[in-house]
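Peer 1: sequence plus the predicted model coming up.
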Amino acid sequence: MAQTFDVVVIGGGPGGYIAAIRAAQLGLKTACIDDWKGAGGKPALGGTCTNIGCIPSKALLQSSENFEQAAHHFAEHVVVKGLELDLAQMLKRKDQVVKASNDGIVYLFKKNKVAFFHGRGSLVKAGSGGCEVAVGGEVLAAKNVIVATGSVPRALPGAAFDEKLILSNDGALSIPEVPKRLGIVGAGVIGLEMGSVWRRLGSEVTILEVLPAFLGAADEQIAKEAARIFAKQGLKIQLGVKITAVNAKKEVTVEYADAEGKPQSAVFDRLIVSIGRLPNTEGLNAGAAGLKLDERGFVAVDEDCRTNLAGVWAIGDVVRGPMLAHKAEEEGAAVAERIAGKKPHVDFNTVPWVIYTTPEIAWVGKTEQQLKAEGVAYRAGTFPFMANARARALGDTSGLVKFLADAGTDTILGVHIIGAFASELIAEAVVAMEFRASSEDIGIICHAHPSLSEAMKDAALAVDKRALNI
């Protein structure tokens, strides 16, 4: 007989494993199916994020930043002699960080009594009479199924990933030697982060971006500051290009037209392609099961993540909305709570974005250009880190904090940061926006001195032209 569960989650990434854990916490008999394999073919829970995405990239970013600091900036603190790059050790540490995260999820499943099945989950049937999911020759019966199968990298037409010369985010994390010439197609999060890693280690990095504007999703003022800093660091970024051909033999030749339409050619030792991601529905048996996909291939869901099939839900990268691990986690926990009869809420307007370059870039809410386009009356306040004592002590005064607030009510509409630890500072802005705070609320709250968070206070005060430290 088929094993029976209240909830079966297909996918063990951030959305899937959080959904499974939360469902189990709420007393629901829960199983999670995931087909990811690590070293030796063993299960490796955590999905793309843990295995070849967020976690390993941050490990390499930290290691490469440490190397660059030791090579170029430690002299003002301590003397470093005989510095050598041990790339093998750097990659080994990255793998250890990933393994620790994999093991942590296994522990959490055991702790919360989540049953785990290794394999690819496939919908057999779904409807008012219940659901059935096949995995590894076994069929699981469930009252509810949560699809959390994530996304896969989009390839350039005619330039399939071989993970040797033409690399996805997977291959970009495991290059065995520092390429002298590294090309990157796409100046988004992955392109900038991977470009930063390999530039610090010695690569000559060229980023080709099809869009005419740099970091178009970010606030324009922040994007301009980022472009200036990255250019100073040595990242060569070309905007408005059109790739016409990619030829990979012993090296990679990219033919393209530049922003003026002039034909160009560039030769690289490796090419990283980061032009977006596609919803991963392979093997899900969506068509036969009657699961509706939208025109872009995403699982179609309503605002509560319900699909067209009774008892079937979908979350994370495989549905609409930003492809962010923390967005998937919030949806996963919310769906588990809805199944349990609760009434949770996920607000996409307060989902933060982060790019883990140096300096880091983070934002939440509306950009200034969005507010102008929408005709919203607003006030802006900015504060540079060069006027922050903690930033001076750290030796990193690049960047600024920017607050945008409603001109009438002073409600915070958006916060944008470029600078050290922006990924941590943005949390204060998220909390403030969730509670509908005003910029004055942040400005009159006591912030520790000296701290980078004081830049948040001063930027908030600057909305009313009351900044105290500049």
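Peer 2: Yes, it's here. Numbering: from 1, shown residues only.

Peer 1: all contacts plus neighbour counts: C-alpha atoms, from now on.
Peer 2: Noted.

Peer 1: quick one, phi/psi of the residue most central in space within the chain?
Peer 2: Centroid-nearest residue in the chain: L324, 4.7 Å away (criterion: CA atoms, centre = their mean). Main-chain dihedrals, L324, degrees, to the nearest 10: phi -130, psi 140.

Peer 1: that one is in contact with E330, isn't it?
Peer 2: No. With contacts counted by CA atoms under 8 Å, L324 stays clear of E330, the gap being 10.2 Å.

Peer 1: give me the low-pLDDT residue ranges for the protein?
Peer 2: By pLDDT under 70, the low-scoring segments of the chain are 1.

Peer 1: so what are the sheet partners of the longest strand belonging to the chain and their directions?
Peer 2: Ranked by residue count and defined by DSSP state E, the top strand of the chain is strand 138-147. Strand 138-147 has its sheet partners listed here by DSSP bridges as strand 3-10 (parallel), strand 131-135 (antiparallel), strand 312-314 (parallel).

Peer 1: now mean neighbour count and distance to K465 too, for the ones you listed, in JSON lines please.
Peer 2: Shown next, in JSON lines, are the strands paired with strand 138-147 (neighbours: other CA atoms under 10 Å; distance: least, CA to CA, whole Å):
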{"stretch": "strand 3-10", "mean neighbour count": "24", "distance to K465": "51"}
{"stretch": "strand 131-135", "mean neighbour count": "23", "distance to K465": "59"}
{"stretch": "strand 312-314", "mean neighbour count": "27", "distance to K465": "46"}
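
Peer 1: please name the bridge partners of E138.
Peer 2: Note on E138: beta-bridge partners by DSSP bridges are V135.

Peer 1: and it, how close does it get to S439?
Peer 2: With the distance defined as CA to CA, to the nearest Å, E138 ends up 56 Å from S439.

Peer 1: how many other residues sit next to V139?
Peer 2: Neighbour count of V139, defined by other CA atoms under 10 Å: 18.

Peer 1: ok, it touching V133?
Peer 2: Yes. Here V139 reaches V133: they are 5.5 Å apart, a contact under CA under 8 Å.

Peer 1: which residues of the stretch 101-250 of the chain fall in helices?
Peer 2: Assigned by DSSP state H, counting those that start in this stretch, the stretch 101-250 of the chain shows helices spanning 169-172, 189-200, 220-233.

Peer 1: in stretch 376-388, what's buried?
Peer 2: By 16 or more other CA atoms under 10 Å, the buried positions in stretch 376-388 come out as Y378, R379, A380, G381, T382, F383, P384, F385, M386, N388.

Peer 1: residues making contact with it?
Peer 2: With contacts defined as CA atoms under 8 Å, 6 or more residues apart in numbering, stretch 376-388 is touched by 371, 391-392, 397-408, 419, 451-452, 454-456, 458-465, 467, 469-470.

Peer 1: how about a cut-off of 6 Å?
Peer 2: Outside stretch 376-388, the residues within contact range by CA atoms under 6 Å, 6 or more residues apart in numbering are 397, 399-407, 459, 462-463.

Peer 1: pull the number of nearby residues for A325.
Peer 2: 20.

Peer 1: for G414, same thing?
Peer 2: 24.

Peer 1: ok and the helix or strand hosting Y17 relative to strand 3-10, angle-wise?
Peer 2: Assigned by DSSP states H and E, Y17 belongs to helix 14-25. With axes from the mean of the first three to the mean of the last three CA atoms, to 10 degrees applied, the angle from helix 14-25 to strand 3-10 works out at 150 degrees.

Peer 1: so which elements touch helix 14-25?
Peer 2: Applying 3 or more CA pairs under 6 Å, 6 or more residues apart in numbering; DSSP states H and E, one finds that helix 14-25 makes contact with helix 325-339.

Peer 1: need the next SSE after the helix it packs on, C-terminal direction.
Peer 2: Counting by DSSP H and E, the element after helix 325-339 in chain order, helix or strand, is strand 353-355.

Peer 1: okay, now the sheet partners of the helix or strand following that next one, with direction.
Peer 2: Moving toward the C-terminus from strand 353-355, the next helix or strand (DSSP H and E) is strand 360-365. Looking at strand 360-365 with DSSP bridges, its partner strands are strand 353-355 (antiparallel), strand 412-419 (antiparallel).

Peer 1: how many neighbours does I222 have?
Peer 2: I222 is flanked by 22 other residues according to other CA under 10 Å.

Peer 1: measure the nearest residue to it once chain neighbours are set aside to Y356 for me?
Peer 2: Spatial nearest neighbour of I222, excluding adjacent residues (CA to CA, 6 or more residues apart in numbering): I418 at 6.5 Å. For I418, the distance to Y356 equals 10 Å [CA to CA].

Peer 1: of the two, who's got more company?
Peer 2: Counting neighbours by other CA under 10 Å for I418 and for Y356 shows that I418 has the greater number, 28 against 24.

Peer 1: burial count for V80?
Peer 2: For V80, using other CA under 10 Å, the count is 12.

Peer 1: phi, psi of it?
Peer 2: phi -120, psi 120.

Peer 1: and what of the one 10 residues further on?
Peer 2: When quoted as degrees, to the nearest 10, the phi and psi of M90 stand at phi -60, psi -40.

Peer 1: same question, K29
Peer 2: The phi/psi pair for K29 (degrees, to the nearest 10) reads phi -70, psi 120.

Peer 1: quick check: end-to-end length of stretch 207-223?
Peer 2: End to end - CA to CA - stretch 207-223 spans 15 Å.

Peer 1: just stretch 108-126 next, same as before
Peer 2: 28 Å.

Peer 1: then stretch 164-173?
Peer 2: 11 Å.

Peer 1: and the contacts of it?
Peer 2: I52, F161, E163, R270, L271, I272, V273.

Peer 1: not counting sequence-adjacent ones, nearest residue to the third one?
Peer 2: The reference is to E163. G171 (4.8 Å).

Peer 1: how close does that neighbour get to P279?
Peer 2: Taking CA to CA, one finds G171 at 20 Å from P279.

Peer 1: please apply the same query to E76.
Peer 2: 48 Å.

Peer 1: and what about L60, helix, strand or coil?
Peer 2: Following DSSP: H, G, I helix; E, B strand; the rest coil, L60 is assigned to helix.

Peer 1: buried ones in the host helix or strand of A460?
Peer 2: In the assignment (DSSP H and E), A460 maps to helix 454-462. For helix 454-462, the neighbour count (16+ other CA under 10 Å) marks E454, A455, M456, K457, D458, A459, A460, L461, A462 as buried.
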